[in-house]
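>>> below are the sequence and a predicted model for it; my questions follow.
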Amino acid sequence: MDYSIGIDIGSTTVKLVIAKNGETVFRLYERHFSQVREKAAELLEKALAQLGDITVKAALSGSAAMGLAEASGIPFVQEVFATGQAVKAFAPETTCAIELGGEDAKIIFFDGGMDERMNGSCAGGTGAFIDQMATLLNVTTDELDKLSLKYDKIYPIASRCGVFAKSDIQPLLNQGARKEDIAASIYQAVVNQTIAGLAQGRRIEGNVIFLGGPLYYCEGLRRRFRETLNLDEQHATLPDYARFSVALGASMYASSSGIEASLSHIIELIHSVKSLSFGTNRLDPLFNSEKEYEAFKKRHEKAKLTRRDINKYSGKAYLGIDCGSTTTKLALIGEDCSLLYTYYSSNEGSPVDIVKSQLENVYSLCGERIVICGSAVTGYGEELIENAFGVSCGVVETIAHYRAAEYFRPDVDFILDIGGQDIKCFRIKNRAIDSIFLNEACSSGCGSFLETFAKSLGYSIADFARLGLFAKAPVNLGSRCTVFMNSSVKQSQKEGATVSDISAGLSISVVKNALYKVIRVSSAQELGKNIVVQGGTFYNDAVLRAFEKELGCDVIRPDISGLMGAFGAALYAKSHPSDSLIGPEEIANFKWTAAATVCHGCTNHCHLTISTFPNSKRFISGNQCQRFSQDAAADEDLPNLYEYKRRCLSVLPRGTGSRGTIGLPMSLGMYELLPLWNGIFTHLGFSAIISDPSTRATYEKGQFTIPSDTACYPAKLMHGHIEELLEQKPDAIFYPCLTYNIDEHSSDNHYNCPVVAYYSELLSGNIEELKNTRFLHPYLNVNKPKELARELHKVLNSAFGKVFKRSEIYEAVMYGFSEYQRYMEDVRRHGREAIKEARRAGKRIMILAGRPYHIDPEICHGIDKLANSLGFAVVTEDSVCSPDMQTPNVGVLNQWTYHSRLYKAAMFAAQNRDVELVQMVSFGCGVDAITTDEVRCILESRGKLYTQLKIDEITNLGAVKIRLRSLLGAIEERENRYEHGLCQIYRGDEVDTHASDPQHAAISL
Amino acid sequence: MKSTHTLLIPNMLPYHFNLGVKLLKNYGYKAEVLNCTDSRVAQTGLKYVHNDICYPAILVVGQFIDAIENGKYDPHKVALMYFQTGGGCRASNYVSLLRKALEKAGYSYVPVIAVSLLGIEKHPGFKVTLPLLKRMMYCFFYGDLLMSLVNQCKPYEITPGSSEKLAQELTQELGNKVGDARSFCKNAEHNFARIISAFTALPCDLTRKKVRVGVVGEIYVKYSALGNNNLENFLVDHNAEVIFPGLMGFMFYFVYNIMSDYTLYREGRLAYIPAKMAYAFLEKKEKTLNRLLNNSGRFRPSLPFKRITELIEPFMGKGCKMGEGWLLPAEMLELIESGVPNIICTQPFGCLPNHICGKGMLKPIKDKYPNANIIAVDYDASASSVNQENRIELMLANAQTESHKEHLD
């Protein structure tokens, strides 16, 4: 009798296969909820009960089994390898296997040499991701699957990262998009992620099989794969062992190399390693004793708000609504600011319905005794709710939160709010917001993350948090991102961490993320004396304690910490009384509909959601431009240097083309040097084919050849631009390698960043079709015309035959440089004029600072226009810094041309009272990890606010808008208080503003 | 400062750096290599530098500050010394970041000395002379040789730990000679030969079947056990013989790039001649070493650098010089050409040059060499080692299959 047994322990499940002479006789599949060894032993016990104490050959597989294998001496086989072996044996005709696991995605190609691929360290699109998304939609994974089958349309959802996807889905939910459509879109995102990230250009065709739990359980997911890959049911099959392929492969491995023992002995082996040594990566416990916890609780009970019984109160009342991304909160306060009524609940899809039923409830409680004399709404859903219910004012979140914190602690120095998706921190100086810190576009390290995690381990958040309080050795889980934390949890499980250690570790991670990533603080002194923490996440005592421990000081947590936004809004309503809120009768008859449609107003083709309310009031969301926003029309004419630069570049003469056509891909460095290259080539008699401005479609066209998923979005777009150029079959495509950029003599060196400098090397190696065309990517010197001409002469003559004279190329180069100079001077002149014009009109000026390629509409996602609509004149960083402007001293090596402009622009903003700087940072831009601190430092040294916008393929303009409005709100509030002599806001006047510099003098009128 | 301060140097390559420290001591400096690998190091780093900066910066800064805070040192009597490569990669900012971090942590008075192969940031307390620089290069030659020999012996040694012990003894022996230019530099060939014969004599069981695995990548995570979660030990434990391309290749690459600036752009004419001289010097040493290794009949020489520059030609221009630049794929090619198709390409998470030179070159290399079995692994303060190890396990499993078997020359 030859029994072999394969045990596959993955990130979420344990799978067991027992085979007899290659024939499966027993198999089990169960979730392990982190109890890895216990569950494995339990499954084996079940096998023992059924099969008796047979002698078997055993092997382990799966990521969570590695440590167990080492400690128990049971042989280990890598899971992808095992799958490959199993498929080869059981379905030899397979050309490609797609396996999705709890946290890994794998593709194995079998034809033409086996090729196995696994997702990189950073990738969503796996079972855990689907679980998280289901939680977000408040459905089970089964329900999600059923929903997805009834979809009408697919929304584009960021596919490369689970956390990003979440940021895309949340606004859709808030806009009231159908759950069915969202469910299918989630699956589509998984499919795109798998195909783009793993296949990387290799076609998936022939006989494809689906493996792994998620594909086994989700019919909708399989459908999305089939449709996307154009495969029918015969060619894309789900084998009966889909969930067990790894365990099956492991059992095959076991029959040759497994350990031979009786089942009971193997169970013993697994039990024997129960007391694995602690991993070294452990942290101090949160509380050492119950007593410590009691004292802690007592201290925090002091921050309490007075409450009144709404059934007894009579008089005026004010309503505050905080319509957040995942939760909706209401607070009704009386004339004395006491709390009459509160509500806190997760959105479950549509905030409008929640607010409606809450209003009904409030009105019925109020009866005739209480009159609502003012209402205000804040948060993501601000405009939607404002429109739907006639709420009298919208308040910027930061202001609402500050109002609330100030009520508890008038001398508050620092406010930290951790909500479901956002972290908001602000420093208060002289009773005005001095600086604002917001988390990046991705929501890792926020409340919803803790909640999802608790659920995935089978706990409610409250129970989960309680477990963490007395953990003996919290696990250090890092703080980079949710996906990373998932795998850290996996690792700690391997090392034998308990659920309570993991819970405490997660709380500490949340705190560390806020402190060291968002605020970038290293000691409590930097935050000030009086710190107020709030947001739903701080109800969690473990998080609160972790925060106090990490900072080493006591903080104040109001007892309504999760309602502070709503409370602040109510306070605001109290100071702005109005009766516009719709009354009880209207509420009773309130009906609304949401319809999805695609806007054809421009090439963006935004997916709109149109909400219709009583009195045929409409609210449109999902648009990238400001076409439908109420305040748009008036500000159409505000200066916008982004628009201007785009126009300048698009109208460059393309040449007549007697010498052939040359393709210039419009991304990365081309946005800076197009006038130069276009000038050179057209002067030489080429006609230039310039790729169109990027759209989402550009990205999709090129996504299959992107080898590194952590590169920045502008680089990834390059692939699409090359594909578009290839379609037009130019005689050559030109994108040079430029180690050195134009030397503007204002920095220690004048490098390009590595990605801008060498991306064409990557393109040439990864885009197959480029091999069939002339792809010119020489290393060039753009600072010496003679050298540039020499090298171009060599390159062009070897590409096109010896038809170019050195002298004509030199002439062309000189022409190109004059074109480039003309363009740059034009941009700078326009910058000056824009500033003058804005000052004449009394408008604020925003330097929307980034890189030249950030003007690409798909990269900046229309943020420039959004800023216009908020009343800012928008200028670029390169339009405000002239070569003769003095370079500010920075604490780092100032060695990149583009980045040194940022420092100058920051200085300019710092020195001009009406100029604000907002820095756009592309995800994955390593260089900006250096520049952002410096830019902030330059601005804050002169009392200016710093705002950073992280951008990537996601287009969550709602979040951007909140950030910009926070900035605006803070400036206004400061100016208000300044006028009342309450604070000093601006220190820029004290410094010399280059009065001797004539050009500069012209700007700072 | 020389007499009062201790120079602290974060470890990257134990053999190289230990010799370097001996050399500095000989010049009258007090110097120590920092070896702390506690998880505190990364935590401290995350506290004081931007969390999106590359992992090596986080570790190096963390190790320094941790040493000041928890080490046995008087903060007023230490200086921090760091080797800096410079260039267009953000890594050239490590020293600035370190200074900022020190300021944040309240140690702004601690001097930082940045050393690069090109020269040294002027520092009043630290004087670098040409002889010191030259001897430092020899330290690295010896370090390369020791590292390579240990790696070629460790998986086969009869007595566990014997090859490392031998290397330590030899380091001690070299350390005694470091002060004497004659015996340390002039007689280098004699020393090389002595080291090789000592390792040849080390009892080894060469019948053990091992998979040879090459490690390339960003210089810090490639070499530093702290940076790569002790990759070397992991691989040795998993039945592999590890091959780390030496530091000499990096020195070659460094001077080659100075020459390229002139040949490609006609910039830096003044540096061209000295670079050419340095190149010739390195070539001479390379020849000597390879001759001796060949003669040993036991140990593999490396491919001549010149050959490496030819190998990369069809894949990438040699103007690509930020970070490890073109050297990184070139080292993969070197490994494949010398019969080691199993390669781990290491990089810090989000490493900018490695988007292009590491991950970006995998496809073209695999296209040309279908037997190549390369896996890219990211290292980060938050990346779990389970994930990394799982991918390495896959590479190791594939190494055993027919299609990836070594084709030995």
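That came through, no problem.

>>> ok, B:K222 - contacts?
Applying Cβ atoms under 8 Å, 6 or more residues apart in numbering or on different chains, one finds that B:K222 lies in contact with B:V215, B:V216, B:N228, B:F244, B:T346. C-beta coordinates here come from the backbone N, C-alpha and C atoms, glycine included.

>>> any idea how many residues pack against B:I53?
24 (other Cβ atoms under 10 Å in any protein chain shown).

>>> do A:C860 as well
A:C860 has 22 neighbouring residues, counting by other Cβ under 10 Å.

>>> what is the nearest of the contacts of B:K222 to A:T887?
Comparing the contacts of B:K222 against A:T887 with Cβ to Cβ picks out B:T346 as the nearest, at 36.2 Å.

>>> quickly find the element holding the closest one.
In this structure, B:T346 sits in strand B:342-348 according to DSSP states H and E.

>>> next: B:P56.
Using DSSP H and E, the element containing B:P56 is helix B:55-70.

>>> state the mean pLDDT of whichever helix or strand comes after that helix.
Heading C-terminal from helix B:55-70, the first helix or strand you meet, by DSSP H and E, is strand B:78-83. Rounded to a whole number, the mean pLDDT of strand B:78-83 is 86.

>>> low-confidence regions, the stretch 601-750 of chain A specifically.
Counting by pLDDT under 70, the stretch 601-750 of chain A has low-confidence residues at A:601-605, A:622-636.

>>> give me every residue in it lying close to chain B.
With Cβ under 8 Å from any Cβ of the partner chain as the criterion, the stretch 601-750 of chain A meets chain B at residues A:P707, A:S708, A:T710, A:A711, A:A715, A:C737, A:T739, A:Y740, A:N749.

>>> rerun at 10 Å
Contact residues of the stretch 601-750 of chain A with respect to chain B, defined by Cβ under 10 Å from any Cβ of the partner chain, are listed as A:705-712, A:715, A:737-741, A:748-750.

>>> buried subset of those residues?
Neighbour-count burial within these applies to A:705-712, A:715, A:737-741, A:749-750; the criterion is 16 or more other Cβ atoms under 10 Å in any protein chain shown.

>>> which SSE is A:A595 in?
A:A595 is located in strand A:593-598, with elements delineated by DSSP H and E.

>>> so where do the strands sit in the stretch 1-150 of chain B?
Counting by DSSP state E, counting those that start in this stretch, the stretch 1-150 of chain B has these strands, from start to end: B:6-10, B:30-34, B:78-83, B:112-116, B:119-120.

>>> likewise the stretch 251-400 of chain B?
Remark: strands of the stretch 251-400 of chain B, listed N- to C-terminal, are B:342-348, B:373-379; assignment by DSSP E, counting those that start in this stretch.

>>> now do the contacts for residue 57.
With no chain named, the answer covers chain A. Neighbour list for A:K57: A:2-6, A:19, A:75, A:251, A:253-261 [criterion: Cβ atoms under 10 Å, 6 or more residues apart in numbering or on different chains].

>>> if you could check chain B rather than the one you did, that'd help
In this structure, B:A57 makes contact with A:929-930, B:45, B:49-50, B:90-91, B:93-95, B:97-98, B:101, B:220, B:348, judged by Cβ under 10 Å, 6+ apart.

>>> how far away is the closest residue to B:L311 other than its chain neighbours from chain A?
Once flanking residues are discounted, B:L311 sits nearest to B:L333: 4.2 Å by Cβ to Cβ, 6 or more residues apart in numbering or on different chains. As judged by Cβ to the nearest Cβ, to the nearest Å, B:L333 and chain A stand 13 Å apart.

>>> correct me, but B:L333 touches B:K366?
No: counting by Cβ atoms under 10 Å, B:L333 sits too far from B:K366 to count as a contact (11.7 Å).

>>> in what helix or strand does the closest residue to A:T661 other than its chain neighbours lie?
In space, not counting the residues next to it along the chain, A:T661 is nearest to A:P730; the distance is 4.3 Å by Cβ to Cβ, 6+ apart. When secondary structure is defined using DSSP H and E, no element contains A:P730, which sits outside every helix and strand.

>>> hmm, A:P730 is touching A:R654, no?
No: under the criterion of Cβ under 10 Å, A:P730 lies out of contact with A:R654, with a separation of 11.6 Å.

>>> those two: which has the busier surroundings?
Counting neighbours by other Cβ under 10 Å for A:P730 and for A:R654 shows that A:P730 has the greater number, 20 against 17.

>>> ok, A:L527 touching A:L551?
Yes: contact between A:L527 and A:L551 holds when scored by Cβ under 10 Å: they sit 7.1 Å apart.

>>> overlap in contacts, the two.
Overlap between the neighbourhoods of A:L527 and A:L551 consists of A:L416, A:L515, A:V521, taking contacts as Cβ under 10 Å, 6+ apart.

>>> looking at the stretch 151-300 of chain B, which residue is nearest chain A?
In the stretch 151-300 of chain B, the residue found nearest to chain A is B:Y265; the distance is 3.8 Å by Cβ to the nearest Cβ.

>>> that residue against A:E787, yeah?
Yes: contact criterion Cβ under 10 Å: B:Y265 and A:E787 qualify, at 5.9 Å.

>>> the two: which is more packed in?
Each of B:Y265 and A:E787 had its neighbours counted (other Cβ under 10 Å), and the higher figure belongs to B:Y265 (21 against 17).

>>> tell me the contacts of A:G52?
Contact analysis of A:G52 by Cβ under 10 Å, 6+ apart lists A:S262, A:L263, A:S264.

>>> which one (most neighbours) among those residues?
Neighbour counts for the contacts of A:G52, by other Cβ under 10 Å, peak at A:L263, which reaches 22 neighbours.

>>> sorry, back to before: in helices, which of the buried ones among the residues of the stretch 601-750 of chain A next to chain B appear?
Secondary structure from DSSP state H places A:A715 of those in helices.

>>> could I get the phi/psi values of whichever residue of chain A sits closest to chain B?
When Cβ to the nearest Cβ is the measure, chain A has its nearest residue to chain B at A:G478, with 2.8 Å between them. Dihedral angles of A:G478 (phi, psi; degrees, to the nearest 10) stand at phi 70, psi 180.

>>> sweet, I'm off.
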